[in-house]
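Got a sequence here, can you model it:
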Amino acid sequence: MTTSFPKTMDFGGFNEPVRMEGDIYDLVVEGKVPEEINGSFYRLTPDPQYPPLLGDDTFLSGDGMISMFRFENGHVDYKMRYVMTGRLKDDRAARRSLHGAYRNPLTDDPSVKGRPRGAANTTPIWHGKKLLALKEDSRPMEVDKDTLSTVGEWDYGGKLQSETMTAHSRWDPDTDELYFFGYEASGLCSNDIAYCIADKNGKLTKEEHFKGPYVALMHDFVVTKEHAIFPFFPITTSMEILKAGKPHWAWDPTKESYFGIMPREGGVEHMRWFKRPACSVFHFLNAFTEGNKVHVDACYSAVNPFPFIMASAGLQHDPQNMRGALKRWTFDLSKPGDTIEETDLGPSGDMPRVADKDLMKDFDIAYYETYNPEVGPPNVAGPVGAGFNSLLRLEVKSGKIKSYSDGPHSTLSEPVHIPSKKPGHEGYLALIADNHENYLSEVWVMEAGAVDKGPIARVKLPIRQRNQVHGNWVEADRLG
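Coordinates of the predicted model:
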């Protein structure tokens with residue numbers, strides 16, 4: 001590599017690329033990992049192999065690096081591998097980046113025109129006996145669950161017609177079905193949405209397409225036992241934006257936000273639309289149906305939080321304007337019209353999680369992260385800028401909150417929930433914590449019901465981890 005990475009937020013500090021693959025057997029543990037924790041914590045990180053072709057790019061454009069912490073009888077082993085996408089293979093052959101602005105193929109080197117450019121860098125999921133690495137602008141990449149070596153692109157045995165698969169599928173633990181969608185399903189800048197279901201064996205049993213109100217960044221959606229809910233927030237694109245050489249997305253507050261709701265097992269022709277003024281949501285906590293009402297809980301902000309998306313629209317990024325909250329939207333299907341009831345459940349934050357047993361059902365306990373300025377000034381970690389420094393446990397029905405922070409030099413990645421076999425036990429949380437003083441990372445294991453008491457175990461890493469996008473926990477008996 002003959003050039004260095006740019007000295008920008010997306011490539012400096014804890015955002016500096018790691019670019020290393022490796023294994024560490026039996027990590028050092030400070031404290032004690034409960035022996036009942038048995039399974040794998042998979043996580044995906046954008047980690048660019050080469051500096052950006054155009055001199056700078058967003059954090060989110062990096063090559064997919066998948067890592068695994070395997071827990072067994074109080075011990076933890078670690079692996080980290082690049083997902084060998086077609087894009088990364090092309091770059092390695094050229095020994096430089098051949099790809100331009102974020103998700104804008106019009107800015108790529110001519111040598112890779114028409115070649116795959118998905119980075120497989122966002123979410124790892126386990127379903128149908130396959131470990132899949134997801135990035136919503138492309139189809140998934142299959143990865144070996146033990147070695148993390150790349151198997152290849154997965155298209156459900158040639159049955160998937162959509163050109164894309166969401167980074168956020170929704171798994172029903174009661175039926176072991178996987179619900180997912182793809183946006184820009186028929187190609188770049190199309191407003192075609194694919195709604196898909198895969199059965200417990202990983203067989204695609206449903207794929208229906210419909211038109212959205214506009215082309216939108218649909219990072220996440222939610223499913224209840226009875227309904228599927230598709231959100232549209234005004235982070236949008238057009239061929240004009242791409243031809244101008246800009247990143248794929250721009251914030252457009254002149255557009256309204258839309259929600260399409262349909263019966264989960266029904267057809268897209270039964271979609272009903274609701275709307276509200278422009279806002280931004282990247283992650284949903286949960287959703288459930290109560291009679292004729294559908295409740296959707298989301299990490300809300302008044303405007304888009306990503307600096308590069310605001311800059312693409314010619315707007316200034318101002319965190320003071322985000323005005324976030326954990327918000328509940330209620331849709332009454334028994335009433336005519338398109339209005340939405342709104343309730344604030346908790347303070348602003350993101351990377352939400354519920355226990356798997358609560359998915360798609362009425363629930364009470366939520367876990368998510370926030371930036372608390374009282375803990376200290378922001379540390380750069382991830383694509384937004386300020387990393388999260390506090391973990392929250394919220395009792396949704398009462399509003400009671402427990403929180404934990406490790407001080408002004410620590411930032412946190414998304415937690416995963418690990419169930420317990422002990423009667424009445426709330427389970428555990430595991431997450432990566434980064435120390436901005438010693439430039440090292442560790443895995444925290446925490447009692448889910450007592451997050452305010454801090455980690456019961458700190459699994460030490462002798463290296464720094466780049467900020468993950470998402471992770472998931474898979475029990476050993478599910479892995480087989």
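
Now do the strands in the stretch 1-150 of the chain.
Taking DSSP state E, counting those that start in this stretch to define them, one finds strands in the stretch 1-150 of the chain at 22-24, 29-31, 39-46, 64-72, 75-82, 123-127, 130-134, 141-143, 150-153.

Dump those to TSV, plus mean pLDDT.
Compiled in TSV, those are given as follows (pLDDT from 0 to 100):
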stretch	mean pLDDT
strand 22-24	98
strand 29-31	98
strand 39-46	98
strand 64-72	98
strand 75-82	98
strand 123-127	98
strand 130-134	98
strand 141-143	98
strand 150-153	98
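
got CSV for those, with mean neighbour count too?
Using the backbone N, CA and C atoms, a C-beta is placed for each residue, glycine as well. Formatted as CSV, the strands of the stretch 1-150 of the chain follow (neighbours: other CB atoms under 10 Å):
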stretch, mean neighbour count
strand 22-24, 13
strand 29-31, 13
strand 39-46, 25
strand 64-72, 24
strand 75-82, 19
strand 123-127, 24
strand 130-134, 24
strand 141-143, 23
strand 150-153, 15
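
buried stuff in stretch 383-402?
383-394, 396, 402 (16 or more other CB atoms under 10 Å).

And for stretch 300-313?
Buried residues in stretch 300-313 (16+ other CB under 10 Å): 300-301, 303-313.

now what about that stretch, what contacts it?
Under the contact criterion CB atoms under 8 Å, 6 or more residues apart in numbering, stretch 300-313 has outside partners 9, 58, 102, 233, 235, 241, 246-247, 249-253, 278-282, 316-317, 319, 321-327, 348, 383-385.

Which ones among the buried residues of stretch 300-313 lie within helices?
Among the buried residues of stretch 300-313, the residues falling in helices (DSSP state H) are 307-312.

any chance of these in JSON lines, plus pLDDT and distance to Asp174?
Putting these into JSON lines (pLDDT from 0 to 100; distance: CB to CB, whole Å) gives the following:
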{"residue": "Pro307", "pLDDT": "88", "distance to Asp174": "40"}
{"residue": "Phe308", "pLDDT": "88", "distance to Asp174": "39"}
{"residue": "Ile309", "pLDDT": "91", "distance to Asp174": "37"}
{"residue": "Met310", "pLDDT": "87", "distance to Asp174": "41"}
{"residue": "Ala311", "pLDDT": "86", "distance to Asp174": "44"}
{"residue": "Ser312", "pLDDT": "84", "distance to Asp174": "41"}
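
quick one: which of the residues you listed is nearest Gly152?
Proximity of those to Gly152 (CB to CB) peaks at Phe308, which lies at 30.6 Å.

Tell me how far the closest one lies from Phe232.
According to CB to CB, to the nearest Å, Phe308 stands 20 Å off from Phe232.

Now do the helices in the stretch 151-300 of the chain.
With helices called from DSSP state H, counting those that start in this stretch, the stretch 151-300 of the chain shows them at 239-243.

Which stretches in it count as strands?
170-172, 177-183, 192-198, 204-211, 222-223, 227-232, 235-236, 250-251, 257-263, 272-276, 280-290, 293-301.

so which of the ones in helices among the buried residues of stretch 300-313 comes closest to Pro48?
Nearest to Pro48 among these, with distances taken as CB to CB, is Phe308, at 14.8 Å.

how much space between the closest one and Asp57?
8 Å.

who touches both of those two?
In contact with both Phe308 and Asp57: 102, 247, using CB under 8 Å, 6+ apart.

end to end, how far does stretch 279-299 reach?
Terminal residues of stretch 279-299 lie 11 Å apart, using CA to CA, to the nearest Å.

Could you check stretch 363-375 and say which residues are buried?
Residues of stretch 363-375 classed as buried: 363, 365-371, 375 (neighbour count, 16+ other CB under 10 Å).

From the residues you listed, which land in helices?
Reading helices off the buried residues of stretch 363-375, I find no matches (DSSP H).

Those residues in strands, which ones?
Applying DSSP state E to the buried residues of stretch 363-375, the entries found in strands are 365-370.

Can you measure across stretch 145-159, start residue to end residue?
End residues of stretch 145-159 are separated by 23 Å (CA to CA).

same check, this time on stretch 205-222
Separation of the first and last residues of stretch 205-222 by CA to CA is 19 Å.

ok now it, how far from the chain's centre?
17 Å (CA atoms, centre = their mean, to the nearest Å).

Just give me how far the lowest-mean-pLDDT helix or strand in the chain sits from the chain centre.
Lowest mean confidence among the helices and strands of the chain (mean pLDDT, DSSP states H and E): helix 307-312, at a mean of 87. Relative to the centre of its chain, helix 307-312 is centred 19 Å away, using CA atoms, centre = their mean.

Repeat that for stretch 34-53.
Counting by CA atoms, centre = their mean, stretch 34-53 comes out at 12 Å from the chain centroid.

For stretch 107-123, which residues meet the burial criterion?
Going by neighbour count (16+ other CB under 10 Å), the buried part of stretch 107-123 is 107-109, 112, 116-123.

which one of those is nearest Asn191?
For the buried residues of stretch 107-123, the nearest to Asn191 is Gly118 (19.9 Å; CB to CB).

which residues does that closest one contact?
So Gly118 contacts 85-87, 135, 137-139, 141 (CB under 8 Å, 6+ apart).

Include distance to Leu217 when you put the residues you listed into JSON lines, please.
Listed next are the contacts of Gly118 as JSON lines, based on distance: CB to CB, whole Å:
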{"residue": "Thr85", "distance to Leu217": "21"}
{"residue": "Gly86", "distance to Leu217": "23"}
{"residue": "Arg87", "distance to Leu217": "20"}
{"residue": "Lys135", "distance to Leu217": "13"}
{"residue": "Asp137", "distance to Leu217": "10"}
{"residue": "Ser138", "distance to Leu217": "15"}
{"residue": "Arg139", "distance to Leu217": "18"}
{"residue": "Met141", "distance to Leu217": "21"}
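
any idea which of those residues is closest to Phe5?
Arg87 (17.6 Å).

Could you measure from the closest residue to that closest one other than its chain neighbours over to Glu226?
Counting by CB to CB, 6 or more residues apart in numbering, the nearest residue to Arg87 once its immediate chain neighbours are dropped is Arg117, at 4.9 Å. Applying CB to CB, the value for Arg117 to Glu226 is 38 Å.

Same check on Leu315?
Taken as CB to CB, the span from Leu315 to Glu226 is 39 Å.

next one: Gln316
Distance from Gln316 to Glu226, by CB to CB: 42 Å.

how about the nearest residue to Thr3 once chain neighbours are set aside, what does it touch?
Once flanking residues are discounted, Thr3 sits nearest to Pro51: 5.2 Å by CB to CB, 6+ apart. When contacts are counted by CB under 8 Å, 6+ apart, Pro51 touches 1, 3-6, 11, 96-97.

can you rerun that using 10 Å?
1-6, 11, 17, 57, 96-97 (CB atoms under 10 Å, 6 or more residues apart in numbering).

Repeat that for Thr166.
By CB under 10 Å, 6+ apart, the contact set of Thr166 is 122-123, 134-136, 140, 179-183, 193-194, 196, 218-221.

Could you measure from it over to Phe221?
7 Å.

ok, now Ala133?
19 Å.
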